[in-house]
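> after the sequence you'll find the predicted model.
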Amino acid sequence: MSKTVLLVFSYVIKFMHNKKSYFYHATYNTVKPIKSASGSKMMGLASAKTEHKTSLNIVVRIIAAIVGGYLLANLIVILLSYLLPGSQANNVMTGMLASYPIYAAVMLWVFASKTIRQVWLGLLFSCLACAMLIFILIPEGLF
Amino acid sequence: MNDTFRQSMAWLHTWAGLVLSWVLYFMFITGTAGYFNHEITHWMQPEVPFANTSISQTSMLSMAERRLNQIAAEAPTWFVDFPTGRDNALSIWWQDLADETTGQEGEWRNEILDPQTGELIEARKTGGGELLYQMHYALYYIPTTMAYWLTSLSAMFMLMALITGIIIHKKIFKDFFTFRSGKKQRSWLDMHNVFSVLPLPFHLMITYSGLVLLMFTTMPGVITASYGTDEVNLDRFYDEAFAGSEHKDAADIAASNITLSAVLPDVEVRWGKNNINYIGIENRGDINAHIELSQQGYSGINYEQSLTYNAVNGGLQHSSEDSETAVGATQFYNVMSSLHEGLFANTILRWLYFLSGLMGAGMVATGAILWVSKRQGKLDKKGQPKKGLVLVENLNVGIIVGLPIAIAVYFWTNRLIPTEFSGRADWEVHALFITWVLALLYPMLRPIKQAWIDSLSMASLLYILLPVLNLLTTDRYLSISILQGDWVMAGFDLSMLVFGLVLGMAALKMQGKPSFILSTNKLIVTKHDANAHSEKITP
């Protein structure tokens, strides 16, 4: 099972190696862009230095997936529980039951995204959009 | 962004997934054992005689009620648990009065009665199989809420692993029929695939339903967003969502109650004779008192076919057959929790659950082994095998084989700690975890291959000798159990023999095939060597 996650990670890494080096630049300001032509060779997995960079990238994604994903999944299902036609209790139960597949989907998206910038922007905008709709739809006198 | 910070992050990356997979392995093993919680408890309390379940429940109930009136006349709650065939205990449960100053709920107490005579049986104190079952979601030594979050996080990780695993397997069914033995890492991968794909529906079901069972702890935001944080409103949510399960709170108005036996005639009309699993009364002596029963051997996924009677006038308040009125999402939730717990399963299905659970544990274990195998031969700057990798390799042995050893010791201490020793139930569990720590440390002292062989042999010996220990310390040994027809007791002994033999076979196999197991430990292996052949690796 660690293996499957590892495989996904290794895909992410491979994918990143094909990308231009601005990717690293976007992640940490301290790392200078490397020319992509020679870069992809230089950044072989064996290089210890590169490994740290990619690991940090992955750690950022893990945090985005776990924390950001949890937040977004909650906002989506809250919105869902407001919009569904059934009784209040039924909608809340449905929301909770749906939260895990939605959480999983968000996590997948976090790891499949091209850049970290895309991940954070995507999470930010979806959360804001949901939060705004929730704010409009929130039942009166709740808080 | 200095190097140390990066290194620490790399460390986190390396460990987070692995540690969660170890938690998952623990959850799979203890949860799988939990499918036989009653059976394990039966073995762990040999003082409880083998009961003939054909004893009439009417007579058992009147004996139980007599005892409860003697010992727990003031208790607000009583329960009587009938022998079911999965266990042989007629047990009575009661809850002490709540503390009036602190408002804390009273403690639960229980006694076991002889189903034939109603006499008190002094059974040894033990956590039994129930404790193993509880550990798989509440863990041990840490606060319950924290444990729920940790186990949920692990389950979420498992769900991700399953989904991504399915995605990356283009040839999922072909892979399932492929097993290449003796090919090192390839063999581990094949084994991993077999463990994962065959019971895939089980894995998906158990992971999702496991998450759902803890959703009131881990996803409370949705409830709050509709019902607020006020406790009264939260209660309203649970009342609405679980409408039908009549659990009225005490009204603090005294009223005289009917006896438990008084409802039996009506129950017999509905369910037939001797078909009760348990019967209980809540809010005793109050106007809101009610009597609750659940049916035994009901064959359907929703195991808990139940009846609730008003304990003041004896009228039927609620039958679970009416719970089709529950909201749709709640019905789905009920099906999920029933599927997870498998309470409805008969013996054969229960074994299927058990085997699927074991395969889940195998999937996690082979995954963790693969994790090391993939990195085999990686060297640090000094040309030594990486320290972290060696540590993980060692810990893998301590987790994968160490946990079964620790559980075996839990059973051993059950027979070895004197029955009159007051802290015995606690010390059974302490022994489990102390053994586990020792099993985790042991591989550090030995070459890795030897650590696998030693640990597997130890586990094998402990399980094979359990029936012998049972023979030496009790009069409930294998041949007697078989003659009596006590298949729960005999089944436990026989299962332990089988586990022991399988573990022993694994130890032998490991002895014969040095290349089969990864090894970076305590050896200077050049990258070339490790890739070319690991035959040269000797302990």
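It's in.
> use CA for all of it now, contacts and neighbours both
Fine.
> so B:Glu268 is in which element?
For B:Glu268, the host element (DSSP states H and E) is helix B:264-271.
> max-length helix in chain A?
Determined from DSSP state H, the single longest helix within chain A is helix A:88-112.
> do the helix or strand that that one is followed by and chain B meet?
Using DSSP H and E, the next helix or strand after helix A:88-112 towards the C-terminus is helix A:116-137. No: shown here: helix A:116-137 not in contact with chain B (Cα under 8 Å from any Cα of the partner chain), separated by at least 9.0 Å.
> which residues touch helix A:116-137?
Residues from elsewhere that reach helix A:116-137, judged by Cα atoms under 8 Å, 6 or more residues apart in numbering or on different chains: A:23, A:26-27, A:57, A:60-61, A:64, A:68-69, A:71-72, A:75-76, A:78-79, A:82, A:110, A:113.
> and residue 139, what are its phi and psi?
I went with chain A, as the question did not name one. phi -60, psi 150 (degrees, to the nearest 10).
> that's the other chain; I wanted chain B
For B:Leu139, the backbone dihedrals (degrees, to the nearest 10) come out as phi 50, psi -150.
> looks like it contacts B:Ala147 (just checking).
Yes: with contact defined as Cα atoms under 8 Å, B:Leu139 and B:Ala147 form a contacting pair (5.9 Å).
> these two: which is more packed in?
Neighbours were counted for B:Leu139 and for B:Ala147 using other Cα atoms under 10 Å in any protein chain shown; B:Leu139 has more, 22 against 18.
> report pLDDT for the more buried one.
What the model reports for B:Leu139 is a pLDDT of 95.
> next: the one 10 residues further on.
Per-residue confidence at B:Trp149 stands at 96 (pLDDT).
> tell me which residues in the host helix or strand of it are buried?
Assigned by DSSP H and E, B:Trp149 belongs to helix B:144-168. Neighbour-count burial for helix B:144-168, counted by 16 or more other Cα atoms under 10 Å in any protein chain shown, picks out B:147-166.
> could you point out the helix or strand that follows the helix holding B:Glu268?
For helix B:264-271, the following helix or strand on the C-terminal side (DSSP H and E) is strand B:276-282.
> now the helix or strand following that following strand, how far from the centre of its chain.
Per DSSP H and E, the first helix or strand lying C-terminal to strand B:276-282 is strand B:290-295. Centroid separation for strand B:290-295 versus its chain: 25 Å, with Cα atoms, centre = their mean, to the nearest Å.
> so which elements touch strand B:290-295?
Applying 3 or more Cα pairs under 8 Å, 6 or more residues apart in numbering or on different chains; DSSP states H and E, we find strand B:290-295 packed against strand B:276-282, strand B:306-310.
> report the strands that pair with that strand, each with its relative direction.
If you go by DSSP bridges, strand B:290-295 pairs up with strand B:276-282 (antiparallel), strand B:306-310 (antiparallel).
> could you list the low-confidence segments of chain B?
B:1-16, B:52-53, B:169-185, B:244-247, B:297-304, B:322-325, B:377, B:513-539 (pLDDT under 70).
> can you pull out the strands in it?
With DSSP state E, the ranges of strands along chain B come out as B:77-81, B:90-95, B:108-113, B:120-121, B:276-282, B:290-295, B:306-310, B:316-319.
> just checking, what packs against the shortest one?
Counting contacts by 3+ Cα pairs under 8 Å, 6+ apart, strand B:120-121 packs against strand B:108-113.
> the same query, at a cut-off of 10 Å, please.
Using 3 or more Cα pairs under 10 Å, 6 or more residues apart in numbering or on different chains; DSSP states H and E, the elements in contact with strand B:120-121 are strand B:90-95, strand B:108-113.
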